[in-house]
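Undergrad: no sequence on this one, just coordinates:
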């Protein structure tokens, strides 16, 4: 990746190339303020071609498609490096040559396996361009209408919270060069910075819009014609991670950047107990944006999740378990739980206890796991008990690292 960084340093002397990469990142095609290198150097074959938000930004900013790619390949040609060319060819979408590189799985990477000048051990299609704190520069034009930010560049060569990078400098004639600096969160918060590494990003659906807008406020029951019974739907509404960065600032293993927060629900409702085989609670992973950026964490900002936690919480499902963890790609862990609810014994409904296990991967301790009782959840969910609220909803774990709301909707016939 050091060689990728050397190329990018030259390409980033062209602010039109910076503009194109920033637009791709701000368009939120992937999680965690990132874009894959392969999308930028093969612009006609990746996700950029289908992103409506990127197309709009390109039009608004007068971006010439492929500016970064053209400049990148010009610099590559100057290197005349056969091995490097093979590595870049392996990134091309649909190219099976990456399988011939005999790469290790990213989960098995260790710091002493990594040589930044070689390519063994790297998953090539995972190389990312990461722009932490991109929201600081969402309007990157100066008062004269020029595209202003010069960008520092660094390589992720370890799992760490700081490292050496390159800051742009100009001589008396206006020619641009670089000087080596230490780059960390504070530096990147104050200076536009691009990190070449492996951030473990995922495609982000344009229908998922995590941002500062709050989830829906409390409202009256919703009448649905033909509904045969009352239905209560519960959501993970807004999420706030305060001041604690769960992942390292830089990474080459896929565990860097923002924090990948996961919510689960466990229910033992109507499980059959026959006296011989104990039932196991069903565990559900909640959909949602998943990623909370370092900027959101640094500033303790609320992020709109608005994802279904339970589509139909029935009254005799007495309690359910909610757990939260920060997702990594290593270190598998298990969490045991039990819930008291209505079960089926001999074909008859009665109250019973059902155990279960949540299996997850995280380098951190479980963030939270508690049971929520139907009887107490709904009467107090709108802050009727005088506890702090956000957007009209009770804040759970208000003084913890991860706080959240659980908005609900009541559907009646």
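TA: That came in fine, so what should we check first? Note that the structure is a prediction, hence the values are computed from the model and not measured. Numbers count the residues shown, from 1 in each chain.
Undergrad: State the pLDDT value of the residue nearest to the spatial centre of the chain.
TA: Closest residue to the average C-alpha location of the chain: residue 291 at 2.5 Å, with CA atoms, centre = their mean. In this model, residue 291 is scored at 87, pLDDT.
Undergrad: Leaving out sequence neighbours, find the closest residue to it.
TA: residue 31 (4.1 Å; CB to CB, 6 or more residues apart in numbering). (Glycine included, C-beta is placed from N, CA and C.)
Undergrad: just the strands in the stretch 301-413 of the chain please.
TA: Taking DSSP state E, counting those that start in this stretch, the strands of the stretch 301-413 of the chain run over residues 302-310, 319-326, 332-345, 348-361, 368-373, 389-390, 393-394, 402-404, 408-412.
Undergrad: quick one: the first one to strand 319-326, angle?
TA: Yep, that's strand 302-310 we're talking about. 140 degrees (axes from the mean of the first three to the mean of the last three CA atoms, to 10 degrees).
Undergrad: what does the fourth one give?
TA: Taking the same axes, to 10 degrees, one finds strand 348-361 and strand 319-326 inclined to each other by 0 degrees.
Undergrad: Centre of the chain to strand 348-361, how far?
TA: 29 Å (CA atoms, centre = their mean, to the nearest Å).
Undergrad: Other residues contacting that strand?
TA: Applying CB atoms under 8 Å, 6 or more residues apart in numbering, the contact partners of strand 348-361 are 262, 264, 266, 268, 270-271, 273, 278-283, 316, 318, 321, 323, 325, 327-343, 345, 369.
Undergrad: If any of these are buried, give me the ChimeraX selection for them.
TA: Buried members of the contacts of strand 348-361, defined by 16 or more other CB atoms under 10 Å, are picked up in ChimeraX with:
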select :262,264,266,268,271,273,279,281,283,318,321,323,325,327,328,329,335,337,339,341,342,343,369
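Undergrad: What is the burial count for the spatially closest residue to residue 249 that is not a sequence neighbour?
TA: Leaving aside its chain neighbours, residue 249 sits nearest to residue 161 (4.5 Å; criterion: CB to CB, 6+ apart). Other residues within reach of residue 161, judged by other CB atoms under 10 Å, total 13.
Undergrad: check contacts around residue 161.
TA: Taking CB under 8 Å, 6+ apart as the test, what residue 161 contacts is 184, 185, 245, 248, 249, 250.
Undergrad: Closest one of those residues to residue 378?
TA: Closest approach to residue 378 among these (CB to CB): residue 245, at 34.5 Å.
Undergrad: For residue 66, grab the count of nearby residues.
TA: 18.
Undergrad: which SS class is the residue nearest to it when sequence neighbours are not counted?
TA: Nearest non-adjacent residue to residue 66, counting by CB to CB, 6+ apart: residue 43, 5.0 Å away. Three-state call for residue 43 (DSSP: H, G, I helix; E, B strand; the rest coil): coil.
Undergrad: Provide a list of residues in contact with residue 43.
TA: Shown in contact with residue 43 (CB under 8 Å, 6+ apart): 49, 65, 66, 68, 69.
Undergrad: ok, which pair from those is furthest apart?
TA: The widest separation within the contacts of residue 43 (CB to CB) is 14.6 Å, between 49 and 68.
Undergrad: If you count surrounding residues, which of the two has more?
TA: Neighbour count, other CB under 10 Å: between residue 49 and residue 68, residue 68 has more, with 28 against 12.
Undergrad: What is the lowest-mean-pLDDT helix or strand in the chain packed up against?
TA: Using mean pLDDT, DSSP states H and E, strand 272-273 stands out as the lowest-scoring helix or strand of the chain, at a mean of 88. Strand 272-273 is packed against strand 332-345, with contacts defined by 3 or more CB pairs under 8 Å, 6 or more residues apart in numbering; DSSP states H and E.
Undergrad: helices or strands up against the strand it packs on?
TA: So strand 332-345, by 3+ CB pairs under 8 Å, 6+ apart, packs with strand 259-267, strand 272-273, strand 319-326, strand 348-361, strand 368-373.
Undergrad: per-stretch mean pLDDT over those, give me the minimum one.
TA: strand 272-273 (a mean of 88).
Undergrad: got the contact list for that one?
TA: Under CB under 8 Å, 6+ apart, the answer for strand 272-273 is 279, 343, 344, 345, 352.
Undergrad: Can you pick out the most distant pair from those residues?
TA: Between all members of the contacts of strand 272-273, the farthest pair (by CB to CB) comes out as 279 and 345, at 10.6 Å.
Undergrad: buried stuff in stretch 355-365?
TA: Buried residues in stretch 355-365 (16+ other CB under 10 Å): 356, 358, 360, 361, 362, 363.
Undergrad: Return the closest of those with respect to residue 309.
TA: residue 358 (14.7 Å).
Undergrad: distance of that closest one from residue 313?
TA: 19 Å (CB to CB, to the nearest Å).
Undergrad: Helices of the stretch 1-150 of the chain, start to end?
TA: 2-11, 15-26, 37-41, 52-60, 67-79, 82-91 (DSSP state H, counting those that start in this stretch).
Undergrad: Out of the ones you listed, flag the one nearest residue 218.
TA: helix 52-60 (30.6 Å).
Undergrad: Give the other helices and strands that the closest one contacts.
TA: helix 15-26.
Undergrad: Check the model's average confidence along the helix it packs on for me.
TA: For helix 15-26, the mean pLDDT works out to 91.
Undergrad: what angle separates that helix from helix 52-60?
TA: Going by the same axes, to 10 degrees, helix 15-26 is angled at 150 degrees with respect to helix 52-60.
Undergrad: Tell me the buried residues in helix 15-26?
TA: For helix 15-26, the buried set under the neighbour-count rule, 16+ other CB under 10 Å, comprises 15, 17, 18, 19, 20, 21, 22, 23, 24, 25, 26.
Undergrad: what's the answer for stretch 58-70, then?
TA: 58, 61, 63, 66, 67, 68, 69.
Undergrad: same check, this time on stretch 308-321
TA: 309, 310, 313, 314, 317, 318, 319, 320, 321.
Undergrad: would you turn the residues you listed into a markdown table with distance to residue 75?
TA: Shown next, in a markdown table, are the buried residues of stretch 308-321 (distance: CB to CB, whole Å):
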| residue | distance to residue 75 |
| --- | --- |
| 309 | 49 |
| 310 | 53 |
| 313 | 57 |
| 314 | 62 |
| 317 | 60 |
| 318 | 64 |
| 319 | 60 |
| 320 | 55 |
| 321 | 53 |
